[in-house]
Structure formats: structure tokens, C-alpha cells
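Q: Curious how this folds, go ahead:
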Amino acid sequence: MPDYPDFTEYAYIDIIAQSLGRVLARPTYGGAHVSTVLKAADPNADTEYINIGSEGMIYGGCIAVWGGLTQEDCMWLAKIDGNDQCPAPFNVLANFNMGQPHGTSPIMTRYDMVNFQYGFILPYGITFEESAIFSYREAHGDTPMVLMVMTYALT
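A: Next comes the predicted model:
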């Protein structure tokens, strides 16, 4: 017999003894959907871009902001099941090195204070039970262009 590792110790896992509400052998989500919105933000206000009103999972997404005045202390907002997620201005995220992957935290991909361009990606695996709402908060009386793209699946 070839020299394969001995995997027999894993053959005796008792799945019934687990206390989980459900065991996922594979994702129970449907096919992927994509929402893409490109529009100018309202000055000095929160502008909603994407509203997913169901149970599901974010497969990934991106947010790009450009044009006009500085947006360094503005922010994009994610409200998952009614709870704000990571509501921090761009300059705070840049100062805390959010350009590296951190689990399900957003990843800053661009912070350009000369051309006033800012970018983020959202990683795979953000789940929601009721809703996922993505908005932009503008704080300078300007109307920058904001592009939001979310790929998600619903149950």
C-alpha cells in the first residue's frame, strides 16, 4: 500500500452531537446577484445606494469615490440587519492601515489626497438575516461621484 497519511482519526466525528443550530455542508444561498449604482452623492447628507431587503450573503463588492473637494472625513456606511458596520471616516481608516485584509472588515485600496480618489473592497462572507443597506455620508457640501458594486446571494 502506498505511503498515504492516516486520516482515520477524522472518520469518527459525531455530527449529531454538535450544538449548532444548523450544519452547512455547502452554502445554502442561491445564485449571485449584482447591484451597481453610480451617482453623485447629496451634499451634507447620507445618500443610499444599495438596499438588499432579504436574508443573504455578500460575495464581495467595491466602492469608489472621486471628484470635487476632499472627502477625507466622509465615509461610506454599511447597515447590516439594522446595525452600523465600521462607520469611520476615510482618514481614520487610512491612519489605522485598513489597506490590509482583516476578516470581514472593508479593505481600503485607494486614498489619494491629491486627486481626491478613495476606494474600498468588501471581502467575501458578510451575512445578513434581514437587510444590507449601503450608503455614503458626504460632509463638505460637495457632490462627488460614488460607485458602489455589490455581488451577493439570497437564501
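Q: And the lowest mean pLDDT element among the helices and strands of this protein?
A: Confidence across the helices and strands of the chain bottoms out at helix 90-95, with a mean of 86, counting by mean pLDDT, DSSP states H and E.
Q: Show me what that helix is packed against.
A: Counting contacts by 3 or more C-beta pairs under 8 Å, 6 or more residues apart in numbering; DSSP states H and E, the secondary-structure elements packed against helix 90-95 are strand 107-112. Placement of C-beta: from N, CA and C, glycine included.
Q: Kindly provide the distance from the spatially most central residue of the chain to Ala132.
A: For the chain, the residue lying nearest the average C-alpha position, counting by C-alpha atoms, centre = their mean, turns out to be Leu122 (3.5 Å). To Ala132, Leu122 is 10 Å away according to C-beta to C-beta, to the nearest Å.
Q: I'd say Ile52 and Ser131 touch.
A: Yes. Taking contacts as C-beta atoms under 8 Å, Ile52 lies within contact range of Ser131: 6.3 Å.
Q: The two: which has the busier surroundings?
A: Taking Ile52 and Ser131 together and counting by other C-beta atoms under 10 Å, Ile52 has the greater number of neighbours (19 against 15).
Q: picking up where we left off before, so what pairs up with the residue nearest to the centre of the chain in the strands?
A: Here Leu122 sits in beta bridges with Gly61, as judged by DSSP bridges.
Q: Make 39 the first number, not 1, from now on.
A: With 39 as the first residue, the last one maps to Leu160.
Q: and it, what does it touch?
A: Listed by C-beta atoms under 8 Å, 6 or more residues apart in numbering, the contact partners of Leu160 are Ile96, Gly98, Gly99, Cys100, Ile101, Ala116, Pro144, Ile145, Met188.
Q: for Glu86, same thing?
A: The neighbourhood of Glu86, defined by C-beta under 8 Å, 6+ apart, consists of Ile171, Phe172, Ser173.
Q: Checking the last one next. Helix, strand or coil?
A: Using DSSP: H, G, I helix; E, B strand; the rest coil, the three-state assignment for Ser173 comes out as strand.
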